[in-house]
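> Got a sequence here, can you build the structure:
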Amino acid sequence: MTTHKLPDAERVSALHGLPGWQNVKDRDAISRNFKFQDFNTAFGFMARVALKAEQMNHHPEWFNVYNRVEVVLTTHDAKGVSALDIEMARFMDELAGQ
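I've put the predicted structure just below:
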């Protein structure tokens, strides 16, 4: 399956439906910081996202310290944000209870 970079209008529309997600400066990517109650909750979130990422064959860039998870999503094959990134962002928001 070939994945294509989202046109600007679709990207803007999708981001309107994803509160907390923002464009990454100087890069065709979106990002969000999640904060959880504790490390266990943050790690559990990451584990569930990892299972979805494997299923989708679409993996986030992320960084974790204690209860924080910083996420960057982009589709390297498409050289920018694609529908896969939007799907993953929605999944993450649902898991985090957003």
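
> any idea how far the residue nearest the centre of the chain is from residue 38?
In the chain, the centroid-proximal residue (Cα atoms, centre = their mean) is residue 89; its distance is 3.9 Å. Distance of residue 89 to residue 38, computed by Cβ to Cβ, to the nearest Å: 23 Å. For every residue, glycine as well, the C-beta is placed using N, CA and C.

> Test my guess that the residue nearest to the centre of the chain contacts residue 32.
Yes. Using Cβ atoms under 8 Å, residue 89 makes contact with residue 32 at a distance of 7.1 Å.

> anything in contact with each of these two?
Common neighbours of residue 89 and residue 32, counting by Cβ atoms under 8 Å, 6 or more residues apart in numbering, are 18, 21.

> Tell me where this structure has helices.
All helices of the chain, identified by DSSP state H, fall at 8-16, 39-56, 83-95.

> and those helices, which is most packed in?
Among the helices of the chain, helix 83-95 has the highest mean neighbour count (mean count of other Cβ atoms under 10 Å), at a mean of 18.

> Work out the gap between it and the centre of the chain.
6 Å (Cα atoms, centre = their mean, to the nearest Å).

> tilt between it and helix 8-16?
10 degrees (axes from the mean of the first three to the mean of the last three Cα atoms, to 10 degrees).

> Including mean pLDDT and distance to residue 66, could the helices of the chain go into TSV?
Output for these, formatted as TSV (pLDDT from 0 to 100; distance: least, Cβ to Cβ, whole Å):
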stretch	mean pLDDT	distance to residue 66
helix 8-16	92	28
helix 39-56	97	5
helix 83-95	96	18
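
> do you know which of these lies nearest residue 28?
helix 8-16 (9.1 Å; Cβ to Cβ).

> Which residues does that closest one contact?
Under the contact criterion Cβ under 8 Å, 6+ apart, helix 8-16 has outside partners 6, 21, 22, 23, 30, 81, 86.

> Fine by me, we can end here.
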